[in-house]
Structures are given as C-alpha cells and as structure tokens.
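> I would like to see how this sequence folds:
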Amino acid sequence: MKPMGHVLLLLLVTVSARAADFQEGVHYQRLPVPVETKDANRVEVVELFSYACIHCKNFDLTLEAWRGEQADDVLFRRVPAIFNKTWKLLAQAFYAAEVLGIGEKVHQPMFRALHDQGVNLGNPSLLAALFQEVAGVVPSEFTQVFNSFSVRSRVQQAEAHGRAYRVTGVPTLIVDGIYRIDGKMAGNNTKMLEIVDFLIAERRGAANADRTKAISASKGQ
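So this is what the prediction gives:
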C-alpha cells in the first residue's frame, strides 16, 4: 500500500495536469448567465441531444457507460434540442415517453428506428407504432399523452433551456448550469466526458469551500 502522503501528491499532480490541459474559453465555455439546476445539492450534467442526430446516437452508449460510473452527488438528465419542426416532434416523443414512464425502454429503439431502419419518426403515427411495439403503449394512449398540455409545456421548457444554454449543435453537455462543452471545443465527443469529469471535480471543490465558509461563519457568531 502506498503511503497516504504519496497518494495525495499523485492526486494533486493529476489535477494540476488536467487543469493545464483543459482551459476555459478553449475546451469549454462559461455561460454568460448561469441556468438554475434541478437540485442545488448535486452537480448537474445535462446532455442536449436529438434522436435525429447521428452523432448523438454514436455517443449514447459511451455516455451511458460514463453515467453508470457516477457517484450519487451527480445528477444526469437529458434535454432534447429543438432546431426545427421534426426535432420538435421528436422532443414531444421524448417527453411523452417520460410521462408514460417508459423513457429508458424507447430511448435506444428511437435511435435505431431513425438511423438503422430509416423509419420516419417525424410522423406521429409511426411514433405511436414504435411505442406500441417496444413498450406496449396503445396508439390512442400515445396520442393523448403526445398531444397533452404537460408534454407541450415540457417541450416549451426545453426550447427555453436550449436558448439559455446557447446551444448551436448537439451533442452538447452542460455542467451545473455554468459550463458548456461540445465536441468541437473538446476535440471529439468522448473527450467531452474527460472535461466534464474535470468540471465536476471543480464544482465539488467549490461546494466544499462554500460549506467550510458557512461553518466558519456560524462558529464566529
């Protein structure tokens, strides 16, 4: 077993090297206005994506593997990007699946139907058929949820978040409502996750520093 001091030294060297590798304004951007996160007690990572994006499909399994390795203090969620009418319909399908509680069941099949099988999922009737085949949702139920106020409201919120995140392409990752990373900045999509890991560590450090200050302030009262 290595002495604890040696381990800490190695960690400091590693963090310093990564900090030198990843530079704000080069490998990631700070949002001009921070966006509120879902849970202030966790570091949030948001993927902006679309089922119509082949790069998102190719990135998805790598992203899922990374997601499975995260600690409980990391909250991962997806937000569909909406750049045109077809992407908006696919965003409706994403949120319909969420409302129906079958998001994980239809996620990969949506990618495969579009990119491997050439199914036109911009057609709501074909979306309904996919939901029935994969998750047993009858078309009438799909149509009711797909066109519901709840789903349409979530789509509007996704559009608003896309503007707030200043997203111009996908996949894009947002860390804690503060930092934006895309494949072009990172060098490739897989490299994005290394930068995300670096920024998660930074946000954890900032949270620990804030807690230390709060404890010191309370003791000084």
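> how about the contacts made by residue 74?
Listed by CB atoms under 8 Å, 6 or more residues apart in numbering, the contact set of residue 74 reads 42, 43, 44, 45, 200. For glycine as for every other residue, the C-beta is placed from the backbone atoms N, C-alpha and C.
> now these as CSV including distance to residue 83, neighbour count and pLDDT?
Supplementary listing: the contacts of residue 74 in CSV, determined by distance: CB to CB, whole Å; neighbours: other CB atoms under 10 Å; pLDDT from 0 to 100:
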residue, distance to residue 83, neighbour count, pLDDT
42, 29, 17, 97
43, 27, 25, 98
44, 23, 21, 98
45, 22, 27, 98
200, 28, 20, 97
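> so which of these belong to helices?
residue 200 (DSSP state H).
> can I get the contacts of residue 74 in a markdown table including distance to residue 68?
Supplementary listing: the contacts of residue 74 in a markdown table, determined by distance: CB to CB, whole Å:
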| residue | distance to residue 68 |
| --- | --- |
| 42 | 16 |
| 43 | 16 |
| 44 | 17 |
| 45 | 13 |
| 200 | 15 |
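> quick one: neighbours of residue 31, just the number.
When neighbours are counted by other CB atoms under 10 Å, residue 31 registers 16.
> and it, backbone torsions?
According to degrees, to the nearest 10, the main-chain angles of residue 31 amount to phi -70, psi 140.
> quick revisit: list the ones among the contacts of residue 74 that fall in strands.
43, 44, 45 (DSSP state E).
> ok, these vs residue 31, which is closest?
Using CB to CB, the shortest approach to residue 31 within the ones in strands among the contacts of residue 74 belongs to residue 44, at 12.8 Å.
> for stretch 114-128, the distance to its chain's centre please.
Stretch 114-128 sits 23 Å away from the centroid of its parent chain (CA atoms, centre = their mean, to the nearest Å).
> can you list the neighbours in contact with that stretch?
Outside stretch 114-128, the residues touching it (CB under 8 Å, 6+ apart) are 51-52, 54, 57, 85-86, 89-90, 93, 110, 113, 130, 137, 139, 142-143, 146.
> what subset of those residues is buried?
Burial by neighbour count, 16 or more other CB atoms under 10 Å: within the contacts of stretch 114-128 this picks out 51-52, 57, 86, 89-90, 93, 110, 113, 130, 137, 142-143, 146.
> now the element after the lowest-mean-pLDDT helix or strand in the chain, going C-ward?
Among the helical and strand segments of the chain, the one scoring lowest on mean pLDDT, DSSP states H and E is helix 4-21, with a mean of 49. Toward the C-terminal end, the helix or strand that comes next after helix 4-21 (DSSP states H and E) is strand 29-30.
> counting by contacts, list what that next one packs against.
Other elements packing on strand 29-30 under the criterion 3 or more CB pairs under 8 Å, 6 or more residues apart in numbering; DSSP states H and E are strand 179-182.
> neighbouring strands of the strand it packs on in the sheet, and parallel or not?
In the sheet, strand 179-182 lines up against strand 29-30 (antiparallel), strand 172-175 (antiparallel) (DSSP bridges).
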